[in-house]
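Q: Next comes the sequence, and after it the predicted model I'd like to discuss.
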Amino acid sequence: MRIEQDDLSRPEIHALLAEHLQEMRANSPPCSVHALDLDRLRQPGISVWSAWQGKLLLGIGALRELDPSHGEIKSMRTPARLRRRGAGRAPLAHLLAHLLAVARERGYRRLSLETGAAPLFLPAQRLYESVGFVPCPPFGDYREDPHSVFMSLDLSAD
């Protein structure tokens, strides 16, 4: 598997992001969908990486700078065809490790994320917990939301 910084130009990435948005909209109220579309992922301050096995897209993940010491994980996703059989966890775990390394290189002292609160999102919550993320209050522009779980990792203890 190779992880590369992505320019969001490939059709495989477009399809995965469309799948991601479709699932988020199908499983969360409109005001609780915080996934970013292609245009919003192309904004300054957001970097995206993709994981590949040959020409097969295994997953994507993004890192958004909230301020010079605080980053946010966005758009962690693996294609639906790889999920629910355990095949999606390994690429996401590698992408997550990569995002953590980049966050540390950038000097972030804190890395946060928002994910859903429904049972569908439990595997994501478990993945984040496995590397030390803990529940936290809303951060950045987020507000308290019963459909969201906010998590944070203190990188300053490293």
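A: Yep, that arrived. Residues are numbered from 1 along each chain as shown.
Q: Tyr128 and Thr115 touch, don't they?
A: Yes - with contacts defined as C-beta atoms under 8 Å, Tyr128 counts as touching Thr115 at a distance of 7.2 Å. For every residue, glycine as well, the C-beta is placed using N, CA and C.
Q: Find the residues that touch each one of these two.
A: Met151 (C-beta atoms under 8 Å, 6 or more residues apart in numbering).
Q: Give the lowest-confidence helix or strand of the protein, using mean pLDDT as the measure.
A: Of all the helices and strands that make up the chain, helix 11-27 has the lowest average by mean pLDDT, DSSP states H and E, namely a mean of 87.
Q: other SSEs contacting the next helix-or-strand element following that one?
A: Past helix 11-27, further along toward the C-terminus, the next helix or strand under DSSP states H and E is helix 38-41. In this structure, helix 38-41 packs against helix 11-27, with contacts taken as 3 or more C-beta pairs under 8 Å, 6 or more residues apart in numbering; DSSP states H and E.
Q: Check which helices and strands the least confident helix or strand of the chain sits against.
A: Judged by 3+ C-beta pairs under 8 Å, 6+ apart, helix 11-27 is in contact with helix 38-41, strand 56-67, strand 70-77.
Q: Sweet, I'm off.
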